[in-house]
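K.L.:
Return a 3D structure for these sequence lines:
(one chain, ligands or ions: 1)
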Amino acid sequence: MAPTSVSPPPLRPPKANTQKYKVALCQLLVSADKEENIARARSRIEAAADAGAMLIVMPEIWCCPYSMDTLPSYAEDIDGGASPSISMLSEVAAARKITIVGGSIPEKASGKVFNTCCVIGTDGQILAKHRKLHLFEIDIPGDIKLNESDTSTGGQEPTVVDTDVGRIGIGICHDIRFPELAMLYRSRGAHLICYPSAFNISTGELLWDLMQKSRAVDNQLFVATCSPARDPNTKSEYMIWGHSSLIGPFGEVLAAARHEEATVMGEVDLSMIQSTRENLPLEMQSRGDLYRLVDVQRQRETASNGARARGSGERRRSGQ
Ligand SMILES: NC(=O)CC(=O)C(=O)O
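P.N.:
Below is the predicted model:
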């Protein structure tokens with residue numbers, strides 16, 4: 001099948017028609033005690049909502065330590081309704097009428113473990129579930145070695161979701177390294193891409209700022225990242241980088257944490273997307289005659305819809 005190029009739909013206003021709103025990034029200190037983590041997260045989210053945040057972004061793996069050895073023992077059955085972490089997020093979202101990008105938690109489903117982000121709407125319902133697509137595999141001799149695929153399974157679907165505060169694309173940590181995913185989200189009309197993350201100090205110092213700004217400026221949209229806080233007393237070799245940030249469509253740093261526990265707030269002004277794209281019209285300048293993004297998922301859907309339509313046409317003609 002010939003690839004079809006992808007151009008973005010016009011940006012739709014968010015459901016609540018909110019052009020400007022506050023985002024809170026809750027950079028939580030995470031311990032081995034799940035109940036304590038949930039209680040801590042709840043009080044940070046409530047405090048951020050009280051301070052006016054309409055969108056809260058949580059870290060990658062915030063209900064337990066980001067440790068491949070112990071992760072599966074903390075996994076929760078989200079679809080089976082046995083997830084204390086997601087229940088808490090739903091309760092708070094509904095009570096405070098806020099949207100939550102719920103970081104990620106280990107999810108157990110079909111005998112597997114996924115690294116999963118739930119997006120919760122202002123009525124407390126799960127609007128979308130994103131399973132980390134690209135598992136983190138790294139081996140720098142003498143520095144860091146980690147294989148997420150030893151314990152986790154990768155997801156199969158990119159995630160773009162309409163919320164009261166706009167259209168949001170989701171990636172989890174290592175997903176940020178794949179520019180095509182962010183381009184796909186832009187092509188599907190995302191205003192903001194959220195990357196709950198848990199970068200470590202080996203990669204974070206050089207790459208963290210660079211990648212979040214790149215995803216934002218390449219696609220001329222907002223990027224929000226949220227990490228757990230660094231625990232200076234950790235016995236784990238995996239030392240968290242931190243530095244949760246909100247980046248604007250021109251690469252502006254609108255909010256940034258350091259490495260310790262903190263909630264940082266920044267403002268998203270959706271009109272900045274349009275003005276950046278008018279001031280610097282990359283979309284119009286891009287050379288679609290030389291290169292282009294292919295939305296493989298949409299292409300598959302179109303092909304299978306076409307096959308279904310042809311099948312039913314043939315059945316009608318043959319009187320079946
Ligand atoms: N959790 C991760 O995916 C970590 C990562 O990407 C990193 O560079 O650190």
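K.L.:
Could I get the phi/psi values of Arg140?
P.N.:
No Arg there; residue 140 is Ile. phi -110, psi 100 (degrees, to the nearest 10).
K.L.:
I'd like the distance between it and Ala109.
P.N.:
32 Å (C-beta to C-beta, to the nearest Å). C-beta coordinates here come from the backbone N, C-alpha and C atoms, glycine included.
K.L.:
More neighbours: these two, which one.
P.N.:
For the pair Ile140 and Ala109, the greater number of neighbours falls to Ala109 (17 against 10), based on other C-beta atoms under 10 Å.
K.L.:
Just say helix, strand or coil for the residue nearest to the more buried one when sequence neighbours are not counted.
P.N.:
Counting by C-beta to C-beta, 6 or more residues apart in numbering, Ala109 lies nearest to Asp79, which is 6.1 Å off, once chain neighbours are set aside. Classification of Asp79 using DSSP: H, G, I helix; E, B strand; the rest coil returns coil.
K.L.:
I figured Asp79 was touching Lys108, is that so?
P.N.:
No - using C-beta atoms under 8 Å, Asp79 is not in contact with Lys108; the gap is 9.7 Å.
K.L.:
who's more crowded, those two?
P.N.:
Neighbour tally, Asp79 and Lys108, criterion other C-beta under 10 Å: the higher count belongs to Lys108, 19 against 12.
K.L.:
give me the number of residues near the residue nearest to Arg42 when sequence neighbours are not counted?
P.N.:
Distances taken as C-beta to C-beta, 6+ apart place Met88 nearest to Arg42, at 5.5 Å, with adjacent residues excluded. Using other C-beta under 10 Å, Met88 has 19 other residues around it.
K.L.:
now Met88, what's its secondary structure?
P.N.:
Classified using three-state DSSP, Met88 is helix.
K.L.:
residues in contact with it?
P.N.:
Ile38, Ala41, Arg42 (C-beta atoms under 8 Å, 6 or more residues apart in numbering).
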